[in-house]
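Peer 1: I'd like to go over a predicted model; first the sequence, then the structure.
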Amino acid sequence: MENLLTVKEAAGFLNVSEMSIRRWTNSGKLKCYRVGGKKERRFTRQGLENFLQLNERSVPLGIGTASVKDSSHIAHFYKNSEESVTEGINFLARGLSRGESILLISPDDKSSRVLDGLNDLGFPVEKFRDDGLIVTSDGHYNLSEQLEFMTDIMANCRNEKGFRLLGDMIWAVEKGWSLDEINRLETETNEVLISNNQLFLCQYDLAHFGADGAMMAFDTHCLTVYRGEVKQSPYFKD
């Protein structure tokens, strides 16, 4: 048998954190061997290469002509409400056209504008809501409730076509969340929630969040969208 790689070596091979390696093996997403009395994880190069091939699937984002890696967590920075609604509609419409399930977390007035836009594009929004294909929420007041809600929704929306979450983070401001609490939610999303066949788009109003909020979003999202351009975040570390 070829030489086996340690967790640290596998993380270097895939250019991710050791935490991600452990999370993927715990979930069964990444195959590993257990060796020695401590049952330490070990990996083959071929297994890691196969993992890369399986997880490099790209999907259309719905913003411009961009396609992004499956399981991407994306921050969208905007300066006016109209832009956030338009791009939110485009993002969700692309998912619905692919048969994906949708979770929309936003203040009620903005959710109504997004849903009306989807209706105008010909999507039977009320039927989709009745069928559970579209779920909406204005968010919860604390982190544990929000994480439990999102976990439950994702567990009940097992859709082989995919899952998209659109969250305008103004909802968290309206619920009284601190920037640190929002940071913890975004971090938990990376470590626990997001998985294959899923896209998360988190919208940040620059007028409300400012420089500190923007830097937090850069740190916790692998991709960013600004003025319609999709780019890798230079500060994100998986």
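Peer 2: Thanks, I have it. Residues are numbered from 1 along each chain as shown.

Peer 1: which residues does the residue nearest to residue 68 when sequence neighbours are not counted contact?
Peer 2: With sequence-adjacent residues excluded and distances taken as C-beta to C-beta, 6 or more residues apart in numbering, residue 68 is closest to residue 61, at 5.1 Å. For every residue, glycine as well, the C-beta is placed using N, CA and C. Shown in contact with residue 61 (C-beta atoms under 8 Å, 6 or more residues apart in numbering): 67, 68, 74, 91, 94, 199, 201, 230.

Peer 1: And the fourth one, how far from residue 150?
Peer 2: Separation of residue 91 from residue 150 (C-beta to C-beta, to the nearest Å): 17 Å.

Peer 1: Show me the domain layout of the protein.
Peer 2: In terms of domains, the chain is parsed into 7-54, 58-232 (source: automatic domain parsing).

Peer 1: most neighbours per residue, which of these?
Peer 2: domain 58-232 (a mean of 17; mean count of other C-beta atoms under 10 Å).

Peer 1: Quick one: mean pLDDT over that one.
Peer 2: For domain 58-232, mean pLDDT rounds to 95.

Peer 1: roughly how far apart are residue 28 and residue 44?
Peer 2: Relative to residue 44, residue 28 is positioned 16 Å away (criterion: C-beta to C-beta).

Peer 1: I figured residue 236 hits residue 218, correct?
Peer 2: Yes. Assessed by C-beta atoms under 8 Å, residue 236 is found in contact with residue 218 at 6.9 Å.

Peer 1: State the next helix or strand along the chain beyond whichever strand or helix holds residue 128.
Peer 2: With elements taken from DSSP states H and E, the one containing residue 128 is helix 125-130. Scanning forward in sequence from helix 125-130 by DSSP H and E, the next helix or strand is strand 134-137.

Peer 1: so what does that next one touch, helix or strand wise?
Peer 2: Helices and strands touching strand 134-137, by 3 or more C-beta pairs under 8 Å, 6 or more residues apart in numbering; DSSP states H and E, are strand 101-105, helix 108-120, helix 125-130.

Peer 1: Excluding covalently adjacent residues, which one is nearest to residue 10?
Peer 2: Closest residue to residue 10 apart from its sequence neighbours, by C-beta to C-beta, 6+ apart: residue 43 at 4.4 Å.

Peer 1: OK, contacts around that neighbour?
Peer 2: Neighbours of residue 43 in contact, by C-beta under 8 Å, 6+ apart: 4, 5, 6, 7, 9, 10, 13, 30, 31, 32, 33.

Peer 1: gap between it and residue 169?
Peer 2: 36 Å.

Peer 1: and the residue nearest to the spatial centre of the chain, helix, strand or coil?
Peer 2: Compute the mean C-alpha point of the chain, and by C-alpha atoms, centre = their mean the closest residue is residue 200, 2.8 Å away. When classified by DSSP: H, G, I helix; E, B strand; the rest coil, residue 200 comes out as strand.

Peer 1: gap between stretch 83-102 and the chain center?
Peer 2: The gap between where stretch 83-102 is centred and where its chain is centred comes out at 14 Å by C-alpha atoms, centre = their mean, to the nearest Å.

Peer 1: Now tell me what touches that stretch from outside.
Peer 2: Contacts for stretch 83-102 (C-beta under 8 Å, 6+ apart): 59-63, 76, 78, 104, 106, 110, 113-114, 117-118, 121, 123, 128, 132-135, 157, 159, 161-166, 168, 199, 201, 203, 205, 225, 228.
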